[in-house]
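> Sharing a model that was predicted from the sequence below.
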Amino acid sequence: MTGLTDPTAAPEQAIVLFDGVCNLCRASVRFVLARDPRGRFRFASLQSARARALLAPHGLPPEALSSVVLLEGGRAYTRSTALLRIARRLRPPWPLLYAAIVLPRPLRDALYDFVARHRLRWFGRREVCSLPEPAARERFLDAGEWS
C-alpha cells in the first residue's frame with residue numbers, strides 16, 4: 001500500500017475503484033495516471049478483495065456497482081460526482097470540468113448511466129484484470145492479487 005495504512009487518511013490521497021474488466025474503465029485509469037503527476041490517486045479494481053474491504057464501511061457492495069467509486073476524505077462518491085471530483089484534481093485543463101457539478105445530479109447521473117449501460121458493448125471487456133504498467137504498479141492497491 002505504498003507506506004500508508006489507510007490511503008484515504010491523508011487529505012491529498014484518494015482511491016479510485018474501477019471495473020477491471022471494462023476496457024473503457026481501464027483506459028480511464030490510464031488517462032488519470034497520465035494526468036496525475038503528483039500521484040494523488042491510488043487504484044483498485046472493483047473485483048478485488050481490497051475493493052471489497054474498502055467499500056464495506058460505506059455500505060457499498062462491489063457486485064452491485066457498475067460505477068466508478070472515489071474514496072476521498074472518508075467519503076465514497078459514485079457515478080458523475082466521482083468523475084467530476086477526479087477531474088478537479090488532475091492537471092489543467094481537466095479541473096475546468098468540475099464546473100459541471102452545478103448541474104442537477106439526476107441529469108449528470110442519467111448521462112453517466114447511459115454510457116455505463118453501453119460501455120461493455122461499445123468498448124469491450126477483458127475476461128480478467130490485467131497487470132498495470134510496471135512504472136504505475138505501486139499505485140495499485142490490489143496489484144499483489146495479480147501476481
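Received, thanks. Everything numeric here is computed off the predicted structure, so don't read it as measured data.
> Strands along this protein, start to end?
With strands called from DSSP state E, the chain shows them at 14-18, 41-45, 69-72, 75-78.
> what's the last one in contact with?
Contact with strand 75-78 is made by 55, 58, 60, 65, 67-71, 85, as judged by C-beta atoms under 8 Å, 6 or more residues apart in numbering. All C-beta spots, glycine's among them, are computed from the backbone N, C-alpha and C.
> pull the CA atoms of it into CSV?
Output in CSV follows, covering the C-alpha atoms of strand 75-78 (Å, rounded to 0.1, in the frame of the first residue of the first chain):
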residue,chain,number,x,y,z
ARG,A,75,-16.4,9.5,1.9
ALA,A,76,-17.4,7.5,-1.1
TYR,A,77,-18.6,9.2,-4.3
THR,A,78,-20.0,7.4,-7.3
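> what is the mean pLDDT for that strand?
Across strand 75-78, the average pLDDT comes to 94.
> How far does that strand sit from its chain's centre?
Relative to its chain's centre, strand 75-78 lies at 10 Å (C-alpha atoms, centre = their mean, to the nearest Å).
> Return the set of buried residues in that strand.
Using 16 or more other C-beta atoms under 10 Å as the test for burial, strand 75-78 gives 76-78.
> cool, and stretch 81-92?
So for stretch 81-92, counting by 16+ other C-beta under 10 Å, buried means 81-87, 89-90.
> which ones among these are found in helices?
Members of the buried residues of stretch 81-92 lying in helices (criterion: DSSP state H): 81-87.
> Just give me the closest of those to Arg105.
Thr81 (6.8 Å; C-beta to C-beta).
> If we ignore the residues flanking it in sequence, what's nearest that closest one?
Among residues not flanking Thr81 along the chain, Arg105 sits closest, at 6.8 Å (C-beta to C-beta, 6 or more residues apart in numbering).
> can you pull the pLDDT of that neighbour?
pLDDT at Arg105 comes out at 96.
> How about Asp113?
So, for Asp113, pLDDT stands at 85.
> now swap in Ala56 and tell me
Value listed for Ala56 in the pLDDT field: 91.
> What I need now is the buried residues of stretch 81-92 written out in a markdown table, including distance to Leu97 for each item.
Formatted as a markdown table, the buried residues of stretch 81-92 follow (distance: C-beta to C-beta, whole Å):
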| residue | distance to Leu97 |
| --- | --- |
| Thr81 | 12 |
| Ala82 | 12 |
| Leu83 | 8 |
| Leu84 | 6 |
| Arg85 | 10 |
| Ile86 | 9 |
| Ala87 | 4 |
| Arg89 | 11 |
| Leu90 | 9 |
